[in-house]
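Asks: this is the structure alone, sequence omitted:
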């Protein structure tokens, strides 16, 4: 079961979010605060890596009530998915979302990089991806 | 399972206890790392409480994973934070941390009459017992 999907750009601003399963919506201000917190948490978690290991940022956050998966692309855009604690294969879902992002968003000539995504085709593709798997 | 570091922080962010099991760092680096660590878990705890889809009063945060390590945390009711850093394949360590709290920390630190609360833990017995416990978990350490 998936609760929430969002995309954070390379400077920590939220550019897309979508809620599922009747989850209470967070206010726009809260979302801005969370996305920038997540961005800094990602950087700090890489800093505290034990010696002699590759320094990489947060990938999965496990809690008793939800699980957050972050997939960071090489360009710095972060795809985040919040699901229930027992969900599996969140990584492949995020990668599929990345595929849709490059198809519907990046190939759209009217889309400006790092700006809010308001593209109907992308909304539909994302909904199909998460609702189909949720059943 | 490989265990890298173990920390105990109190509720105001003082590091009471710290063990590095793999590789040493300089004193300066160590202090910086402790500050970063407490800042990070403090942020994550309030983040998780607010972000949780079901309303919850205590923080539900239990662990996080990066590509190279996994961090486990147990917060007690008195505000102590037990943190353990292991390799990424380790299963959930909540029970291990509560074992450390109830069977090692409580008898050897809390019941020690010379222990002053909120001061760094200097008990040699506690350190010894903890290392023995880690040896049983981390089979490659003895080799």
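Replies: Yep, that arrived. In this text the structure is predicted, and so the values were computed from the model without any measurement. Numbering: from 1, shown residues only, chains lettered A, B, ... in the order given.

Asks: so where's chain B uncertain?
Replies: Residues of chain B that meet the criterion pLDDT under 70 lie in B:141-143.

Asks: give me that answer again for 90
Replies: The model of chain B has pLDDT under 90 over residues B:1, B:11, B:13, B:20-32, B:46-60, B:77-79, B:116-118, B:122, B:137-143.

Asks: after the longest helix seen in it, next one along is what?
Replies: In chain B, with assignment by DSSP state H, the single longest helix is helix B:27-51. Per DSSP states H and E, helix B:27-51 leads on to strand B:61-66 as the next helix or strand towards the C-terminus.

Asks: partner strands of the helix or strand immediately after that next one in the chain and their direction?
Replies: Sequence order places strand B:70-75 as the next helix or strand after strand B:61-66, per DSSP H and E. The strands that strand B:70-75 pairs with in its sheet are strand B:61-66 (antiparallel), strand B:81-86 (antiparallel) (by DSSP bridges).

Asks: show me what contacts residue 14?
Replies: Assuming you mean chain A. Shown in contact with residue A:14 (CB atoms under 8 Å, 6 or more residues apart in numbering or on different chains): A:6, A:7, A:8, A:31, A:32, A:34, A:35. C-beta: built from backbone N, CA, C; applies to glycine.

Asks: actually it's chain B I care about, not the one you picked
Replies: B:118, B:120.

Asks: measure residue A:115 to chain B for me?
Replies: Distance from residue A:115 to chain B, counting by CB to the nearest CB, to the nearest Å: 24 Å.

Asks: for that residue, which residues are in contact?
Replies: Residues counted as contacts of residue A:115 (CB under 8 Å, 6+ apart) are residue A:15.

Asks: same thing but at 10 Å, please
Replies: A:9, A:13, A:15 (CB atoms under 10 Å, 6 or more residues apart in numbering or on different chains).

Asks: skipping adjacent residues, who's closest to the second one in space?
Replies: So the one you mean is residue A:13. The shortest distance from residue A:13 to any non-neighbouring residue, by CB to CB, 6 or more residues apart in numbering or on different chains, is to residue A:35 (6.4 Å).

Asks: where's that neighbour, which helix or strand?
Replies: Applying DSSP H and E as the criterion places residue A:35 in helix A:28-47.

Asks: flag every buried residue along that helix.
Replies: The neighbour-count check on helix A:28-47 (16 or more other CB atoms under 10 Å in any protein chain shown) flags A:31, A:34, A:35, A:37, A:38, A:39, A:41, A:42, A:44, A:45, A:46 as buried.

Asks: so which of the contacts of residue A:115 is the most crowded?
Replies: residue A:9 (20 neighbours; other CB atoms under 10 Å in any protein chain shown).

Asks: what is the closest residue to residue B:81 other than its chain neighbours paired to in the beta sheet?
Replies: Excluding the flanking residues, the one nearest residue B:81 by CB to CB, 6+ apart is residue B:9, at 4.4 Å. Beta-bridge pairing for residue B:9 (DSSP bridges): residue B:15, residue B:81.

Asks: so residue B:9 makes contact with residue B:45?
Replies: No: using CB atoms under 10 Å, residue B:9 is not in contact with residue B:45; the gap is 11.3 Å.
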